[in-house]
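K.L.:
fold the following.
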Amino acid sequence: MTATRGTFPVERDPACPLDPAPGYRELPERVSSVSCPIGVDAWVLTKHEDIRAALADRRLSSRGAPSNHVVAGADPNEPVAPGVLLRLDGAEHSRLRKLLIPEFTVRRVEALRPAIARLVDEHIDAMLASTEPVDLYRDFALPVPSLVICELLGVPYADRDSFEKQSALLVGVDGDPEAFAGAAMQVQQFMAQLVLSKMESPTDDLLGRLIQRGAEAGANLTVEELVSLGITLLVAGHETTANMIALSTLTLLRRPEQLASLRSDPDLAPGAAEELLRYLSIVHFGLFRYATEDVEIGEETIRAGEWLVAALSAGNREESVFPDSDTLDLTRNARSHLAFGHGVHQCLGQQLARVELQEVFTRLYSRIPGLRLAVPFEEIKFKHDALVYGVRSLPVAWD
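P.N.:
Residues are numbered from 1 along each chain as shown. Presented below is the predicted three-dimensional model:
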């Protein structure tokens with residue numbers, strides 16, 4: 001790798017917290033060499049076509065974990081534990097992903113839509129029955145996807161508060177290493193007990209079916225694999241969607257003309273979900289990859305043994321792909337966005353996230369037409385130090 005030209009862009013501009021870190025646009029075009037917070041040098045890709053090419057290239061391994069380049073104390077070279085889907089490559093990754101794919105097909109997820117719609121309505125009812133202001137993040141955005149993923153996995157919802165607190169620690173960037181280790185241990189112990197109970201008494205839920213599917217394929221999943229898969233699905237299944245719901249609502253409240261168009265035409269909801277996924281890019285630090293062979297990208301050669309970061313938020317704001325990219329346009333065809341990644345590691349739960357967002361967009365703003373911020377925008381606290389971007393709370397009221 002050539003001498004570094006700068007440091008990896010981490011901070012979003014406090015004056016423009018809904019936009020990607022401005023540092024991406026200060027980097028040389030296409031492929032840049034930077035120093036990452038974790039202490040390694042990496043190439044950074046900011047062009048949409050380069051990012052897609054890199055994420056589709058199986059010579060670029062995900063073994064370092066999606067965003068470990070910004071996690072304090074992380075070791076990107078530590079051995080990959082069994083079942084850690086986000087860090088596995090090749091045959092092991094394919095084996096586990098194939099067992100999971102039947103749970104997230106369009107048909108299966110669409111069958112969940114009525115139940116998701118009921119959950120959304122129930123939580124809107126609860127908000128309307130509450131005393132204003134209400135924290136839309138804590139009282140609506142977080143519990144809806146948490147309930148959905150708990151139901152899918154067969155996790156007792158009574159345990160929600162515990163795993164939500166631990167999950168928040170697990171997706172932090174610069175937290176206390178001891179707190180992180182403690183949270184990881186608690187989540188692993190919880191999931192291990194759940195997996196063991198389901199292995200002893202089969203259940204008709206995702207984990208139960210995964211156990212059965214592995215047995216039928218003649219490749220029984222180990223407890224360790226099931227625990228890792230369960231934790232990944234549990235954390236990713238609610239953290240990302242919860243933050244998207246809250247951050248999308250904040251964004252729309254800041255753009256009343258876009259919100260009005262969505263409220264008046266619910267058919268805009270599917271396109272609105274794609275555009276907001278593009279515009280907000282909540283996996284805001286990008287995806288970390290390791291070159292197992294020399295790879296040509298743009299005008300650079302990423303050598304075997306070098307690291308690379310695919311800057312999703314930069315690619316999602318590329319003018320040549322999304323004209324007037326810094327403008328939120330709910331009528332835009334944004335399906336080529338990179339919010340769910342690309343290639344063999346593209347988000348398995350993307351269809352579930354789409355349905356959850358669509359049902360929220362269809363119901364929340366029409367049922368509470370006078371929804372508004374209960375505090376000045378400048379008082380909203382953002383998760384600058386988390387792998388999944390969002391707000392820490394979203395106080396709202398309504399007219």
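
K.L.:
is it true that residue 12 touches residue 24?
P.N.:
No - with contact defined as C-beta atoms under 8 Å, residue 12 and residue 24 do not form a contacting pair (10.4 Å). To be clear about C-beta, it is placed using only N, CA and C from the backbone, and glycine gets the same treatment.

K.L.:
which parts of the chain are strands?
P.N.:
31-35, 41-45, 60-61, 134-135, 287-291, 295-297, 300-302, 307-310, 371-373, 395-398 (DSSP state E).

K.L.:
out of these, nearest to residue 243?
P.N.:
strand 134-135 (13.8 Å; C-beta to C-beta).

K.L.:
not counting sequence-adjacent ones, nearest residue to residue 99?
P.N.:
residue 213 (5.3 Å; C-beta to C-beta, 6 or more residues apart in numbering).

K.L.:
just want the most central residue of the chain.
P.N.:
residue 240 (3.8 Å; C-alpha atoms, centre = their mean).

K.L.:
does that residue really touch residue 389, like I thought?
P.N.:
No - the criterion here is C-beta under 8 Å, and residue 240 misses it with residue 389 at 9.9 Å.

K.L.:
okay, and the common contacts of the two?
P.N.:
282-283 (C-beta atoms under 8 Å, 6 or more residues apart in numbering).

K.L.:
quick one: closest of the strands of the chain to residue 67.
P.N.:
Of all the strands of the chain, strand 287-291 comes closest under C-beta to C-beta, at 6.0 Å.

K.L.:
partner strands of that closest one, parallel or antiparallel?
P.N.:
Applying DSSP bridges to the sheet, strand 287-291 is found paired with strand 60-61 (antiparallel), strand 307-310 (antiparallel).

K.L.:
could you check the angle strand 41-45 makes with that strand?
P.N.:
120 degrees (axes from the mean of the first three to the mean of the last three C-alpha atoms, to 10 degrees).

K.L.:
show me what strand 287-291 is in contact with.
P.N.:
Contacts for strand 287-291 (C-beta under 8 Å, 6+ apart): 42, 54-55, 59-69, 76, 302-310, 312, 341, 345.

K.L.:
need the winner for burial among the strands paired with strand 287-291.
P.N.:
Neighbour counts (mean count of other C-beta atoms under 10 Å) averaged over each of the strands paired with strand 287-291 peak at strand 307-310, with a mean of 26.

K.L.:
now do residue 41: how many residues are near it, please.
P.N.:
Residue 41 is flanked by 15 other residues according to other C-beta atoms under 10 Å.

K.L.:
turn the strands of the chain into JSON lines, including distance to residue 276 and mean pLDDT.
P.N.:
As requested, those are arranged in JSON lines below (distance: least, C-beta to C-beta, whole Å; pLDDT from 0 to 100):
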{"stretch": "strand 31-35", "distance to residue 276": "27", "mean pLDDT": "86"}
{"stretch": "strand 41-45", "distance to residue 276": "23", "mean pLDDT": "94"}
{"stretch": "strand 60-61", "distance to residue 276": "28", "mean pLDDT": "97"}
{"stretch": "strand 134-135", "distance to residue 276": "20", "mean pLDDT": "97"}
{"stretch": "strand 287-291", "distance to residue 276": "20", "mean pLDDT": "97"}
{"stretch": "strand 295-297", "distance to residue 276": "28", "mean pLDDT": "95"}
{"stretch": "strand 300-302", "distance to residue 276": "32", "mean pLDDT": "92"}
{"stretch": "strand 307-310", "distance to residue 276": "20", "mean pLDDT": "96"}
{"stretch": "strand 371-373", "distance to residue 276": "16", "mean pLDDT": "98"}
{"stretch": "strand 395-398", "distance to residue 276": "17", "mean pLDDT": "98"}
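
K.L.:
now distance to residue 234 too, for the ones you listed, in a markdown table please.
P.N.:
Converted to a markdown table, these look like this (distance: least, C-beta to C-beta, whole Å):
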| stretch | distance to residue 234 |
| --- | --- |
| strand 31-35 | 33 |
| strand 41-45 | 29 |
| strand 60-61 | 25 |
| strand 134-135 | 22 |
| strand 287-291 | 21 |
| strand 295-297 | 33 |
| strand 300-302 | 33 |
| strand 307-310 | 25 |
| strand 371-373 | 29 |
| strand 395-398 | 27 |
